[in-house]
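**Student:** fold the following and give me the result.
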Amino acid sequence: MPHRLTTIKRFRISNDVLILILEKLNPVTLYRTCQAFSRVFALVMEFQHLRYKFELAVTGMKDGPASYSTRSPFIRLQLLMAYKKDWPKILWTDEQKVKIPAASTLVGVSGNFLYSVGNQSLDLVELPSCRTGRPPSQTRHMKYNTTPQADCVAVDSLQSLIIASHTYGGPNGHIGLRLKIRNLWTFDKHPKASAASFDCSTQVSQPVAEVSIVICANRVVVSIDFVGGSAKHLLMDWRTLQAMWLEEQDVIILNPYYILGARTARGKLALNLYNVSNMASVTLEREYELPPIWAKATLRFSRNTAPSSDIYTPSTALFYSDPSSRVLLLTAKQAGPTNGIHWMFVPESYFQPTSHPDRRSVPWSYWNQFCLIRDVQSNTLVGHPQVTGSRVVYLEKEPIHPGRGHPERARLSVIDFSPCPEATNPPSKLWSLLGKQSVLIPNESHREIPTSATNGVVVEGIRATEDNIVLLLENRGDIKPVNILTFGVPAPKTARHDTQYHPAL
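**Tutor:** Numbering: from 1, shown residues only. Predicted structure coming up:
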């Protein structure tokens, strides 16, 4: 008697039922389901609300809290597709030319504001973002008195917070630090701060080279680089003014509860994960050993300007960079004649505490498989790389060849680490380490900055946000030109690139 094969009947789910199921999936799960089933992919491409969710995963974004009653899936998808198309090609859709007095002692970007410090004054120009309901025509401008003159400014518009620092000569020749903790919209004392200002001594006598400030919820890190190469970092709760000094080479805030510091201990260079949830008892949670070849290198973190948590997202945002996809970038600059620079990339989420004592020290031979390292030509790199979410933006210049008579050319470069890329280019030979277990897939693009964006003026540096690239140009007479290049602005009917001059400055 022949053997009878068992048959299984498969029932086809109707499209209506399948759509109800797909609507329950998060963006990444929906994306992976589309990869596995061609029918699901075809259905998702047909319906805008599902397509929008799919594209969120592709671009490394999350749906924002803005109301769907005024911002439908179609509107969100339309803008998201513009970001997906334009950022990899570095094609901005709006330009604003801001004229800042050349006498300004400090020009920078913080918290989606362009700021400049003049003669005892502080000017703030809001950067455009159609993604959060701030088109170029509706940005704000403020001007405050900051006597004495500020040497660094940090802005957190979600908390209506602005912090301005001032360093000065204190007793015994030690450098003193003063922080003004103010309301962003009035420059009065912030209502949640216990005082309008904070003063302390650095206990260091060397002159100050640079000051930087980073705000994350109620935590603030003030980094002071001194002439000669030493550095100190003030970790503070800006509400209670509880503070402590850290001696690391550099420090970065991962979230309000954990910070990462680079320092040498017991003859080894390592990244230390600190628990700072209790400022009175900061504890070392884990130690990540760095490559021994970097023992004498200068280390510097690049601050990620995208939200570190869903709760730090503007209520008007249509979408925003997924906090779980944030990339950490550590720069190691080698000493000596080679003057080499190495960029190490690793997901921020990799740095987590552990309950196992034997796992608190992580050898480089183990965790290098989760990292990427790219070698950088120091003679072409200008300034510091800018990190926003899973995207890195940096500026390069071609070396000037004497006697050729050609102006120096600059180009913008982007490395995108979107977690679900549709297509990627093979990594270049500059990638000296591609960790076998790393989830990061680099997708690089470059674009020479057109003369129309600079008017032939040399670009001294850049700043980047989720929506803008800001070009800081060389002084022209008594003016310092600054060009704001914005992505996601609907193209005008007459031309794609609409250059505007900001009326405030």
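
**Student:** so what's residue 292 up against?
**Tutor:** 268, 269, 364 (CB atoms under 8 Å, 6 or more residues apart in numbering). For glycine as for every other residue, the C-beta is placed from the backbone atoms N, C-alpha and C.

**Student:** buried ones among the residues you listed?
**Tutor:** With neighbours counted by 16 or more other CB atoms under 10 Å, those contain buried members at 269, 364.

**Student:** can you tell me which of the contacts of residue 292 end up in helices?
**Tutor:** Applying DSSP state H to the contacts of residue 292, the entries found in helices are residue 364.

**Student:** reformat the contacts of residue 292 as CSV; add distance to residue 292 and pLDDT.
**Tutor:** Output for the contacts of residue 292, formatted as CSV (distance: CB to CB, whole Å; pLDDT from 0 to 100):
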residue, distance to residue 292, pLDDT
268, 8, 85
269, 8, 92
364, 7, 96
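
**Student:** how about the contacts of residue 292 in TSV, adding distance to residue 429?
**Tutor:** Listed next are the contacts of residue 292 as TSV, based on distance: CB to CB, whole Å:
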residue	distance to residue 429
268	30
269	26
364	23
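
**Student:** mind picking the one among the contacts of residue 292 that's closest to residue 385?
**Tutor:** residue 269 (20.5 Å; CB to CB).

**Student:** excluding its backbone neighbours, what's nearest the closest one?
**Tutor:** With sequence-adjacent residues excluded and distances taken as CB to CB, 6 or more residues apart in numbering, residue 269 is closest to residue 290, at 4.6 Å.

**Student:** which residues are in contact with that neighbour?
**Tutor:** Counting by CB under 8 Å, 6+ apart, residue 290 has contacts 262, 268, 269, 270, 271, 299, 332, 364.

**Student:** list just the nearest of these to residue 450.
**Tutor:** Nearest to residue 450 among those is residue 332, at 33.0 Å by CB to CB.

**Student:** and that closest one, helix, strand or coil?
**Tutor:** Put simply, residue 332 is strand when judged by DSSP: H, G, I helix; E, B strand; the rest coil.

**Student:** which pLDDT value belongs to it?
**Tutor:** At residue 332, the pLDDT value in this model is 95.

**Student:** beta partners of it?
**Tutor:** According to DSSP bridges, the residues that bridge with residue 332 are residue 299, residue 342.

**Student:** one more: residue 263?
**Tutor:** With DSSP bridges as the rule, residue 263 is bridged to residue 270.

**Student:** ok, residue 181 next?
**Tutor:** residue 163.

**Student:** ok, it to residue 187 distance?
**Tutor:** Going from residue 181 to residue 187 by CB to CB, to the nearest Å gives 11 Å.

**Student:** those two - which one has more neighbours?
**Tutor:** residue 181 (22 against 19; other CB atoms under 10 Å).

**Student:** my guess is the more buried one meets residue 165, correct?
**Tutor:** No. Look at residue 181 against residue 165 with CB atoms under 8 Å: they stay out of range, at 10.3 Å.

**Student:** just the element for residue 84, please.
**Tutor:** Per DSSP states H and E: residue 84 is located in helix 73-89.

**Student:** mind exporting the C-alpha coordinates of that helix to CSV?
**Tutor:** Backbone C-alpha positions of helix 73-89 (Å, rounded to 0.1, in the frame of the first residue of the first chain) are rendered in CSV as follows:
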residue,chain,number,x,y,z
PRO,A,73,0.1,60.4,7.4
PHE,A,74,0.3,61.8,3.9
ILE,A,75,1.8,65.1,5.1
ARG,A,76,4.3,63.2,7.4
LEU,A,77,5.2,60.7,4.6
GLN,A,78,5.7,63.6,2.1
LEU,A,79,8.2,65.4,4.4
LEU,A,80,9.9,62.1,5.5
MET,A,81,10.5,61.2,1.9
ALA,A,82,12.1,64.5,1.3
TYR,A,83,14.5,63.9,4.2
LYS,A,84,15.2,60.4,2.9
LYS,A,85,16.0,61.7,-0.6
ASP,A,86,17.8,64.9,0.2
TRP,A,87,20.1,64.1,3.2
PRO,A,88,22.1,61.3,1.5
LYS,A,89,22.7,63.6,-1.5
